[in-house]
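Peer 1: Predicted model and sequence below, questions to follow.
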Amino acid sequence: MGIGVTWRISVAPMTSEVTTGFTVNGRAVRLDLDPRESLLDVLRERLGLTGSKKGCDHGQCGACTVHVDGRRVVSCLLPAVQVNGGSVTTIEGVTGPGDELHPLQQAFVDHDALQCGYCTPGQVMSGLACIAEGHAGDDDEIREYMSGNLCRCGAYTGILAAVREAAGRREG
Amino acid sequence: MRSFSYAAPATLDEAVRALAEAGPGAKVLAGGTTLYDLMKLDIETPPAVVDVRALRELAGIDTAGQEELSFGAGALMADVAADPVLRRDYPALAESLAKAASQQLRNMATVGGNLLQRTRCAYFRGGPAFPCNKRQPGSGCAAIGGLDRGHALLGGSDACIATYPGDWAVALIAFDAVLDVAGPRGERTLALADLHVEPGDTPAREHTLDWDEIVTRIRVPVTAAGRGSTYHKVRDRESYAFALASAAVAVTLDGGGAVEECRIAVGGVATRPWRCHDAERELAGAVLDRRSARRAGEAAFAGARPGTHNAFRVELGIRTVAEALRIAGERAVP
């Protein structure tokens, strides 16, 4: 093997484990991971953080959206070993110290921005990033930059209103 | 997903060495949005994966050069799409990225990996239930005579009509981009136009890179036509969808509105990024108006071979080229 390269030789049916460290909602975690494991599966199955949802598991629906190093990603398409050294924020990490809702979460409630709620954690994580990126300038821009989050209940009108309100804008 | 051995080298040199040592079949993992997705479907089953996502030496973006723009292969699609110089001076390049995927995926996918995004043909992705010469050479093609609404009109063969799905490479090919690649035999440069290949009799072979080579950089020659450019993408829905037809167009016009320089490529309609030299010749020296734009669109699709459910995309493609020329012409500074 090459100098400085560490190979993890697979042993069927499981590959060997890759020690991976990162923070989740400010808490440091260190895990021995199979390189096949997605960040989404690690969050849900190993860390008990079931707020991030598995919709399609192929990066198409956005229900698994979390922030890694401050940027929104779909955690189902991210091998967890790639997050080594990084910082992850999930829906569980956006509420206040007393578990009070984040203003964007409250806006979702106020605008009926959900029916079944399955897509909502991803919508909120994407909405927070949409605002932070500066992509909530007008309704068309919000629609464009929220298009990676599907809502099969069709609550898009409420979602748009909630993101608009949290971005501090009036209708238009 | 099949198990695989995994390495995350700290430098490009180490990555090249690790890939060579892993042997044929090993894959380079960057953003993962294509490779990891297809591994979940057991379409890609690499025995070894070399992870280059964290290599900062691949991440640079330089749009300040006098002769060329330079994008490290590991730069993220979202970051290149947001580059202010690119948005102002080469809107076709910036738009091709901004109109691809979702912001989440653009935050993951790299501009090098995106070039080699694999087809979205449902029969290819669907696995062994369907014959597919690309996935299983010699098994046949379920798309020919099947549900071919999204399949290629240009560049197909009797073995495969899978559409190349990307946008960025379509815009890049219009601007004569080149690639730098690194491998165990050193570095080399090739034109993007020489990267992708038509399926012919060997649809499993999609590009000319050797298995042990890694794309390191994309370079685009500076051209005044960049300002008068657009990437026009027509989709089933307005955002976050693959192209039914798209056109990357760049023009410069003289004081009388006649076309000086003209670059046209089409996407979503061909088996590879598709440069339209015939359409460019059609427009050279002509005054850019509705009629000449239409003629260019017709020239771009003169060789189209529609199948069962996709004939509507010939006319759609012609109009997409014409509309792109209108937009680009308005942006062009005479």
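Peer 2: Structure's in. What do you need? Numbers count the residues shown, from 1 in each chain, chains lettered A, B, ... in the order given.
Peer 1: what's the spacing between the residue of chain A found nearest chain B and B:A296?
Peer 2: Nearest residue of chain A to chain B (CB to the nearest CB) works out as A:G148 at 2.4 Å. For every residue, glycine as well, the C-beta is placed using N, CA and C. A:G148 sits 34 Å away from B:A296, taking CB to CB, to the nearest Å as the criterion.
Peer 1: out of these two, which sits in the busier spot?
Peer 2: Per other CB atoms under 10 Å in any protein chain shown, whichever of A:G148 and B:A296 has more neighbours is B:A296, with 29 against 25.
Peer 1: and the more buried one, what does it touch?
Peer 2: Each residue near B:A296 by CB atoms under 8 Å, 6 or more residues apart in numbering or on different chains is listed here: B:264, B:276, B:279-280, B:282-283, B:321-322, B:325.
Peer 1: Can you get me a residue count around B:T208?
Peer 2: Number of residues near B:T208 (other CB under 10 Å) recorded here: 12.
Peer 1: Same check on A:R152?
Peer 2: 11.
Peer 1: same check, this time on B:D236
Peer 2: There are 10 residues near B:D236, going by other CB under 10 Å.
Peer 1: B:R188 too?
Peer 2: B:R188 has 13 neighbouring residues, counting by other CB under 10 Å.
Peer 1: roughly how far apart are it and chain A?
Peer 2: Note on B:R188: its distance to chain A, by CB to the nearest CB, to the nearest Å, is 21 Å.
Peer 1: for B:D167, same thing?
Peer 2: 15 Å.
Peer 1: Give the helix, strand or coil label for the residue most central in space within chain A.
Peer 2: Taking CA atoms, centre = their mean, the centroid of chain A lies closest to A:V66, which sits 1.6 Å from it. Counting by DSSP: H, G, I helix; E, B strand; the rest coil, the backbone at A:V66 sits in strand.
Peer 1: if I read this right, it contacts A:C76, doesn't it?
Peer 2: No - with contacts counted by CB atoms under 8 Å, A:V66 stays clear of A:C76, the gap being 10.0 Å.
Peer 1: Return every residue with contacts to both of those two.
Peer 2: With CB under 8 Å, 6+ apart as the test, A:V66 and A:C76 both reach A:L39.
Peer 1: residue contacts, A:G148?
Peer 2: A:G148 sits next to A:62, A:65, A:74, A:126, B:101-105, B:240 when contact means CB under 8 Å, 6+ apart.
Peer 1: Equivalent analysis for A:S126, please.
Peer 2: A:62, A:65, A:72, A:146, A:148-149, B:103-104.
Peer 1: try 7 Å this time
Peer 2: For A:S126, the contacting residues are A:62, A:65, A:72, A:146, A:148-149, B:104, by CB atoms under 7 Å, 6 or more residues apart in numbering or on different chains.
Peer 1: repeat for A:F108
Peer 2: With CB under 7 Å, 6+ apart as the criterion, the residues that contact A:F108 are A:114, A:120, A:124, A:162.
Peer 1: Among those residues, which ones are in helices?
Peer 2: Among these, the residues falling in helices (DSSP state H) are A:120, A:124, A:162.
Peer 1: per-residue pLDDT, the last one?
Peer 2: So that's A:A162. For A:A162, the pLDDT comes out at 98.
Peer 1: SS state for the nearest residue to it once chain neighbours are set aside?
Peer 2: Using CB to CB, 6 or more residues apart in numbering or on different chains and skipping residues adjacent in sequence, the residue nearest A:A162 is A:A107, 3.8 Å away. A:A107 falls in the helix class when you classify it by three-state DSSP.
Peer 1: Tell me, how many residues neighbour A:A107?
Peer 2: A:A107, neighbours per other CB under 10 Å, totals 22.
Peer 1: where exactly do the strands run in the stretch 151-300 of chain B?
Peer 2: Ranges of strands in the stretch 151-300 of chain B, per DSSP state E, counting those that start in this stretch, are B:178-183, B:186-191, B:214-221, B:229-234, B:245-253, B:259-267, B:274-275.
Peer 1: Please name every helix or strand in contact with the third one.
Peer 2: Secondary structure elements in contact with strand B:214-221, counted by 3 or more CB pairs under 7 Å, 6 or more residues apart in numbering or on different chains; DSSP states H and E, are helix B:12-22, strand B:68-72, strand B:178-183.
Peer 1: Give me the mean pLDDT for it.
Peer 2: In the prediction, strand B:214-221 has an average pLDDT of 98.
Peer 1: mind listing what's buried in that strand?
Peer 2: B:214-220 (16 or more other CB atoms under 10 Å in any protein chain shown).
Peer 1: And for stretch B:7-18?
Peer 2: B:7-9, B:12, B:14-18.
Peer 1: got the end-to-end distance for it?
Peer 2: Using CA to CA, to the nearest Å, one end of stretch B:7-18 lies 8 Å from the other.
Peer 1: where does the chain dip in pLDDT?
Peer 2: Answering for chain A, as no chain was given. Along chain A, segments meeting pLDDT under 70 span A:1-16, A:170-172.
Peer 1: The intended chain is chain B.
Peer 2: B:333-334.
Peer 1: What residue in it is the furthest from its centre?
Peer 2: B:G256 (33.8 Å).
Peer 1: right, and A:V94 touches A:H102 too?
Peer 2: Yes - in this structure A:V94 lies within contact range of A:H102 using CB atoms under 7 Å: 4.6 Å.
Peer 1: Next, the angle from the helix ranked longest in chain B to strand B:229-234.
Peer 2: Longest helix in chain B by number of residues (criterion: DSSP H): helix B:312-331. For helix B:312-331 against strand B:229-234, the angle by axes from the mean of the first three to the mean of the last three CA atoms, to 10 degrees is 150 degrees.
Peer 1: Which strands or helices does helix B:312-331 pack on?
Peer 2: strand B:229-234, strand B:245-253, strand B:259-267, helix B:290-300.
Peer 1: now the ones you listed as a markdown table including distance to B:F124?
Peer 2: Supplementary listing: those in a markdown table, determined by distance: least, CB to CB, whole Å:
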| stretch | distance to B:F124 |
| --- | --- |
| strand B:229-234 | 22 |
| strand B:245-253 | 20 |
| strand B:259-267 | 18 |
| helix B:290-300 | 25 |
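Peer 1: for these, which one ends up most surrounded?
Peer 2: Per-stretch averages of neighbours, counted by mean count of other CB atoms under 10 Å in any protein chain shown, single out strand B:245-253 among the helices and strands packed on helix B:312-331, with a mean of 29.
Peer 1: where do the helices sit along the stretch 1-150 of chain B?
Peer 2: B:12-22, B:35-40, B:77-81, B:84-89, B:91-98, B:103-106, B:122-125 (DSSP state H, counting those that start in this stretch).
Peer 1: For the ones you listed, give me CSV that also has distance to A:E133.
Peer 2: Output for those, formatted as CSV (distance: least, CB to CB, whole Å):
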stretch, distance to A:E133
helix B:12-22, 30
helix B:35-40, 24
helix B:77-81, 9
helix B:84-89, 15
helix B:91-98, 12
helix B:103-106, 7
helix B:122-125, 31
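Peer 1: Any chance of a markdown table for those helices, columns distance to chain A?
Peer 2: Formatted as a markdown table, those follow (distance: least, CB to the nearest CB, whole Å):
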| stretch | distance to chain A |
| --- | --- |
| helix B:12-22 | 4 |
| helix B:35-40 | 6 |
| helix B:77-81 | 8 |
| helix B:84-89 | 13 |
| helix B:91-98 | 8 |
| helix B:103-106 | 5 |
| helix B:122-125 | 9 |
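Peer 1: on that earlier part again, my guess is the residue of chain A closest to chain B is in a helix, correct?
Peer 2: No - using three-state DSSP, the assignment for A:G148 is coil, not a helix.
Peer 1: Appreciated, that's everything.
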